[in-house]
Every structure is written in structure tokens, then in C-alpha cells.
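Peer 1: show me how the following folds:
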Amino acid sequence: MVDRAVEAANVAGNVAHIDLSIWGLIAQADMVVKLVMLFLLLASLWSWAIIFDKFTSFGKMRGKMAKFEGTFRSNKLLDGLYDRMNKKPNDNPLSDMFIAAMSEIRYGVLKDVRNPSDDLIDNCRGRIYQAVSRIKHLTLERMEKDLIFLATVGSASPFIGLFGTVWGIVNSFQSIGASKNTSLAVVAPGIAEALIATAMGLFAAIPAVIFYNFFSNHIRLASSKLEDFQGELITVLDPVTLGR
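Peer 2: Residues are numbered from 1 along each chain as shown. Next up is the predicted model:
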């Protein structure tokens, strides 16, 4: 009985010297677990940087698109609108599509051509469609940039965190086997520091998944708007309708 009491007192003394705070547990963790935590922290920080950048750029683009769409539909003098929009940077896919289409009409295959043939008119229509489609595809590619990182973080971070947890728990049980002491006071700190890796994996994954879905839906809506404007633009700027 005396020996057990002495052993319990020694265990209690050792546990009392263990820092059970979050930072203390991280500091005491195995090197592999620390590397996992560092990787997850960096992934989370980079994910938030992408999230803030997308929020800013998507918000600005949405405002400029709405403004130009109203200007385009209320302006009957398209040549004058083209001259104004072509003189300043727009950073707006709708105005870029309009400028590309008007440039094909002004300076394309119908330039200085009177009474063009049907084949030449069809050629001009095809070039307008290609120019507008190119702007649309480049815009969508730019909007989708870095989203693959959010998707990867959202899907892989929980498993990476789980790997760190399993590694830490294995080390904890090895230490328990070496010390031949199964007291909860001895087991708990090692398991707690290992579970921090899983918590960090979830901390990185949850925002990444939420905002990936949010931005994907925004891109889908933007793609529909670009598709609708493309059809409207090609109809309005038809060479025959404009008398070119």
C-alpha cells in the first residue's frame, strides 16, 4: 500500500508539472505532429487569403457588370459608347465583350467593304462570336483560379489532421507501455495533444468547404449572366442589323 501511494504521489507530481494549455500541449507534441499542425496552419492562412481576395474581386466585378449592363441597355449610340469605353481600362467582362465585338465590326473583315457578300457577313459573325467567347472563357478561368486549393484543403485537411492524431496517440501508448502506468492522468495529456491535430484539420477544412461552395455558386451565376449577355450582344451587334 505504501509503495502504491508513493507511486501515485510521483505520478501526480509529474502531471502537475505538465502544461495542459493549448500552447503547452502543442509544444510538448511529437515532431511529426508539430509538422502536421504547421502544415494545417499554413493551409488555413492561405485559404483565408484566397477567400478575402475572391470576396474583394468578385464584389468589384459584380458592381461593374451591373453598372455597364444598365449603361449598355440605355444607350442607343453604340459607337459613342464604344469610343468612351475603349479609352479607359474597365476590368469588367461585359464591357470587354462589347469592346471586342465592336472592334471586329469596325476594324474586322467588313472594314471599308461596301455591299459585303453573305459569306463575308457570316465570317464577321463568326469572328464576333469567337472574340466574345474568348473574353467569357478567360473571365471564368480567372474567377476559378485558386479554387482548386480551397477544394483540396477542404477535402484533405481532416485526413491530414487525423494522421497527426493517430501518430500522436501511437506515441502516447508506446510511452504508456514503457512506463507501465495506465493512469488517466498519464494518458490524457498525450491524447489531448494528439487531438489538437484533428481540431486544426477541421479548422482548416470547414471554411474552405463553405467558401468553395459559395464561390462556385457565384461563378455559376456569373457564367449564366455572361452567356445571356453574349447572346444579347451578338443579336444587337449583328452586321446586317447595323448596316455594316
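
Peer 1: distance-wise, check Gly201 relative to Ala194.
Peer 2: Look at Gly201 and Ala194: by Cβ to Cβ, to the nearest Å, they are 12 Å apart. Quick note: C-beta positions are derived from backbone N, CA and C, even for glycine.

Peer 1: pull up the overlap in contacts between these two.
Peer 2: Here Gly201 and Ala194 share the contacting residues Gly164, scored by Cβ atoms under 8 Å, 6 or more residues apart in numbering.

Peer 1: who's more crowded, these two?
Peer 2: Of the pair Gly201 and Ala194, Gly201 is the one with more neighbours under other Cβ atoms under 10 Å, namely 27 against 23.

Peer 1: so where does that one fall, helix or strand?
Peer 2: helix 184-236 (DSSP states H and E).

Peer 1: low-confidence stretches in the chain?
Peer 2: The model of the chain has pLDDT under 70 over residues 1-29, 89-90, 112-113, 116, 175, 177-190, 239-244.

Peer 1: spatially central residue for it, please.
Peer 2: Geometric centre of the chain, nearest residue: Leu147, 3.3 Å, by Cα atoms, centre = their mean.

Peer 1: need the next SSE after the helix or strand hosting Leu140, C-terminal direction.
Peer 2: Take DSSP H and E as the rule and Leu140 turns out to sit in helix 118-144. Scanning forward in sequence from helix 118-144 by DSSP H and E, the next helix or strand is helix 147-179.

Peer 1: which helices and strands sit right next to that next one?
Peer 2: With contacts defined as 3 or more Cβ pairs under 8 Å, 6 or more residues apart in numbering; DSSP states H and E, helix 147-179 has these neighbours: helix 31-74, helix 184-236.

Peer 1: and of those, who's closest to Glu104?
Peer 2: Taking Cβ to Cβ, helix 184-236 is the member of the helices and strands packed on helix 147-179 nearest to Glu104, at 10.8 Å.

Peer 1: how far away from the center of its chain is that closest one?
Peer 2: Remark: helix 184-236 is offset 7 Å from the chain centroid, using Cα atoms, centre = their mean, to the nearest Å.

Peer 1: just checking, what packs against the helix holding Gly201?
Peer 2: On a contact count with 3+ Cβ pairs under 8 Å, 6+ apart, helix 184-236 meets helix 2-16, helix 22-28, helix 31-74, helix 93-107, helix 118-144, helix 147-179.

Peer 1: just put these in TSV and tack on distance to Phe229.
Peer 2: Formatted as TSV, these follow (distance: least, Cβ to Cβ, whole Å):
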stretch	distance to Phe229
helix 2-16	67
helix 22-28	51
helix 31-74	7
helix 93-107	6
helix 118-144	9
helix 147-179	23
